[in-house]
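Q: Need coordinates for the following:
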Amino acid sequence: MRIAAKLVPVLWGSTAFAFALGLFGTFAAPPDYQQGETVRIMYIHVPAAWTAMLAYTFMAVSALGSLVWRHPLADAAQKAAAPLGAAFTFICLVTGSLWGKPMWGTYWVWDARLTSMLVLFLIYLGLIGLWQTIEDPNRAARAASIMTLVGFVNIPIVKFSVDWWNTLHQPASVLRIGGTAIAGSMLWPLIVMALAYTLLFATLHVMAVRNEIMRRRVRRLAITLAAAGEPATARMLAAEVTS
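A: Numbering: from 1, shown residues only. Coordinates of the predicted model:
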């Protein structure tokens, strides 16, 4: 908690600076010779996709920490990351649809990359629902960790779907054998925006973990008060936890 209190202002400042620099580069970058000005959606869409997969990878690592080492902080980190990952996946899907309309003539096709990202979004929602359904935190953590590790198989499918199947989605352009296929004037704003998204995820995640720790402390206090014969105070604290 002490580390989070000192880290959050630094993270917010770094995030704001990265977004300011990235957005400047986004508008300063030249239009694409084929896509024109619509290529600027890339600077929102691609970093959102990368961050969505990064968040789920972080959740999978946290799930291992929860199952193998039973570390409560790993469980809190995993739970706090799920809504953030779902939000970034939603941004990716929406901006991808907006980008697809002028390029493909439709907002949605059952393309391998799009479908696997939709599956990722549904997995995120399923994990959030699982945590809300199971009242016992320990049982919820174990069930969510198992589901997270099983669902991790979708991450390489998202990454390599454009290589494994014939899809409308363009192949990898940044991280690929033979070097990047994007011009430097368009690459650096994309990298900066990816850094900004990552910093935003880190900032919100640290804050969410801190809130989850406080929520669990209040829950334990409510259980202790209920056992000590103070049900009214316990109910009030329990209401605070659920809200």
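Q: excluding its backbone neighbours, what's nearest the spatially most central residue of the chain?
A: Centroid-nearest residue in the chain, with Cα atoms, centre = their mean: Gly85, separated by 2.1 Å. Counting by Cβ to Cβ, 6 or more residues apart in numbering, Ala55 is the residue found nearest to Gly85 once chain neighbours are left out, at 3.4 Å. To be clear about C-beta, it is placed using only N, CA and C from the backbone, and glycine gets the same treatment.
Q: which residues does Trp188 contact?
A: Gly25 (Cβ atoms under 8 Å, 6 or more residues apart in numbering).
Q: Got the phi and psi for Gly36?
A: phi 70, psi -140 (degrees, to the nearest 10).
Q: is it in a bridge, and if so with what?
A: Asp32 (DSSP bridges).
Q: Can you tell me how far it is from Thr133?
A: Distance, Gly36 to Thr133, by Cβ to Cβ, to the nearest Å: 47 Å.
Q: if we can go back for a sec, if I read this right, the residue nearest to Gly85 contacts Ala87, doesn't it?
A: No. Counting by Cβ atoms under 8 Å, Ala55 stays clear of Ala87, with 9.1 Å between them.
Q: In terms of neighbours, single out the busier of the two.
A: The neighbour count for Ala55 versus Ala87, taken as other Cβ atoms under 10 Å, is higher for Ala55 (24 against 18).
Q: any idea how far Thr38 is from the more buried one?
A: Distance from Ala55 to Thr38, by Cβ to Cβ: 27 Å.
Q: before we move on, what about Leu130?
A: For Leu130, the distance to Thr38 - Cβ to Cβ - is 38 Å.
Q: Which one of the two is surrounded by more residues?
A: Just comparing Leu130 and Thr38: by other Cβ under 10 Å the higher neighbour count belongs to Leu130, 18 against 15.
Q: Just to be sure, that one is in a helix?
A: Yes. Leu130 sits within a helix when classified using DSSP: H, G, I helix; E, B strand; the rest coil.
Q: what's the burial count for the residue nearest to it when sequence neighbours are not counted?
A: Spatial nearest neighbour of Leu130, excluding adjacent residues (Cβ to Cβ, 6+ apart): Ala144 at 5.3 Å. Look at Ala144: counted by other Cβ under 10 Å, it has 24 neighbours.
Q: I'm done for today, thanks for sticking with me.
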